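Colleague: Sequence first, then the predicted structure, then my questions.
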Amino acid sequence: MPRTIHTYDHHGARFARPACPLPDPQTRPAPVQKKFQDLLHAFKLEVFHREHDRQSLEEISKECMHTTEDILRTKFEYHFHQLPDANRAEIINMINNYVREAVLPPVVERILQRQMRIERRVDSVVNLIEKMLDTLSTGEGVKSAR
């Protein structure tokens, strides 16, 4: 006899409905599910290696340093609405130099590293989606599941 579950509708009336069969833990996943599990595992490995591999870290560091230097080489100027006196202009110039030489480089470098890691992860996601769509379009595993 199939199992039934008693539930209540929004008016409070009780009714019985058949219980959904529980998945058998002994059954194997469908071929499509297995293929997707393999693709997801390969994706996770690729992302891990891209973010933790020594060669990848060196590539990211080099690219970040070049881009950081390019950004900091750009000369940004502040235009005063009124001409400051000489003492005030000297203090502003000192603050500007300190920020450009001490504060800004590590901040810009961290932002660029994060951006490059995200770009690499997005590339991996795009690759995963292409493989999944290719698997669905070729029908691998779908035919054998029927």
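Modeller: Nice, thanks for sending it over.

Colleague: helices and strands of the protein: which one bottoms out on pLDDT?
Modeller: In the chain, no helix or strand scores lower on mean pLDDT, DSSP states H and E than helix 142-145, which sits at a mean of 49.

Colleague: Distance of residue 110 relative to residue 64?
Modeller: Distance of residue 110 to residue 64, given as Cβ to Cβ, to the nearest Å: 9 Å. All C-beta atoms are positioned from the backbone trio N, CA, C, and that covers glycine.

Colleague: meant to ask about residue 30
Modeller: For residue 30, the distance to residue 64 - Cβ to Cβ - is 44 Å.

Colleague: between these two, which one's more packed in?
Modeller: residue 64 (19 against 14; other Cβ atoms under 10 Å).

Colleague: give me phi/psi at the more buried one?
Modeller: phi -60, psi -40 (degrees, to the nearest 10).

Colleague: Can you get me a residue count around the residue nearest to it when sequence neighbours are not counted?
Modeller: In space, and not counting its chain neighbours, residue 64 is closest to residue 112: 4.5 Å by Cβ to Cβ, 6 or more residues apart in numbering. For residue 112, the count of nearby residues is 19 (other Cβ under 10 Å).
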